[in-house]
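[1] Just to be clear, the model below is a prediction. Sequence and coordinates:
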Amino acid sequence: MPSPFASLLIGALTITWFITYVVNLWFNYAVGLALVTYYILLLIYRGLGKMPLYWPNIFFLSGLISLGLAMYMGGSRLVVFPIASIVSLIRRVEGRQRPNYVIDILYSASLPIITYFLNYQISLALLSLLTLMVIGIPRRFGQAFKTVYSRAYPIGSSLGRASLIIVLIISLVGIPTIDVFHMLFLGFIAVIMSSLCIPMLIPGILWFSMRFYGMFDYEIPIILFISALARTFYFVNEQFLIAISVILVIIAYVEIAISYLSGSRIKVL
């Protein structure tokens, strides 16, 4: 884990970059490059190695390099970094930290190249295919995914993988690139984060306990997945499906907010 100083510096650089990027200040890339460089040095110093604990960080490192490139080139290329980060988390949480050298190194080496060419449909298809190969298909989910925090994960993980398959198909059949990006952001990133980061990682980091997560503990990733499908295939019935997509996202936000409001901080002695 990084030191408090490292965490504060990364947070400050991230917020500063975001603000300067949004208002289009000329030095926003310098701030972004400083963020990426510091994070890479931090990983090299104490976060890399062949040990199972460290190996998934190779995806995060590749994602950081891709992030630096995306910050310079702009556009939706920023999607590669959260995907690489999620791949690292999935490999850890599903207990598959050990390296598969051929696929893992191919994926890590390819991410910056894919980032550069990401506006082409074939690059989106390749990103989805390689991501699916690296995270694999879990044979089963064990007893660890039976708590209030983790019941949503098996569903979210499965739907996230299904989203990658959908992205692969729609990229190859010529669906507009912006719609493919929406499927990646909402169908893969949001679905996985709603079932992994929001209920499991954030409470664990903040020492926060929730009594429940969603009305049934598992429907939030399903809602977001359906929203992603409605947004991606909106051209079938534009106004209706866009409205459905937005309403479902709002429902997911409300459920998450209620879930968090149901909890409380854990006192650490």
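    Here it is on my side, so go on. Numbers count the residues shown, from 1 in each chain.
[2] Only C-alpha atoms from now on, for both contacts and neighbour counts.
    Will do.
[3] Longest helix in this structure, by number of residues?
    Longest helix of the chain, by residue count under DSSP state H: helix 238-261.
[4] so what does that helix touch, helix or strand wise?
    Secondary-structure packing of helix 238-261 (3 or more C-alpha pairs under 8 Å, 6 or more residues apart in numbering; DSSP states H and E): helix 219-232.
[5] Just the terminal-to-terminal distance for stretch 70-78.
    Chord length of stretch 70-78, first to last residue, is 5 Å (C-alpha to C-alpha, to the nearest Å).
[6] list the buried ones in that stretch?
    A70, M71, S76, R77, L78 (16 or more other C-alpha atoms under 10 Å).
[7] And stretch 3-10, by the same measure?
    Within stretch 3-10, the residues that count as buried by 16+ other C-alpha under 10 Å are I10.
[8] Return the list of helices and strands in contact with the helix or strand following the longest helix of the chain.
    Downstream of helix 238-261, the next assigned helix or strand under DSSP states H and E is strand 264-265. In terms of contacts (3+ C-alpha pairs under 8 Å, 6+ apart), strand 264-265 is packed against strand 208-209.
[9] how distant is the strand it packs on from the center of its chain?
    22 Å (C-alpha atoms, centre = their mean, to the nearest Å).
[10] what pLDDT, on average, does it get?
    What strand 208-209 shows for mean pLDDT is 84.
[11] So for C197, what's the pLDDT?
    pLDDT recorded at C197 is 91.
[12] ok, now how distant is it from I170?
    With distances taken as C-alpha to C-alpha, C197 is found 27 Å from I170.
[13] between those two, who's got more neighbours?
    Neighbour count, other C-alpha atoms under 10 Å: between C197 and I170, I170 has more, with 21 against 17.
[14] thought S62 was touching L106?
    No - using C-alpha atoms under 8 Å, S62 is not in contact with L106, being 10.9 Å away.
[15] Which one's more surrounded, these two?
    Between S62 and L106, counted using other C-alpha under 10 Å, the more crowded position is S62 (22 against 13).
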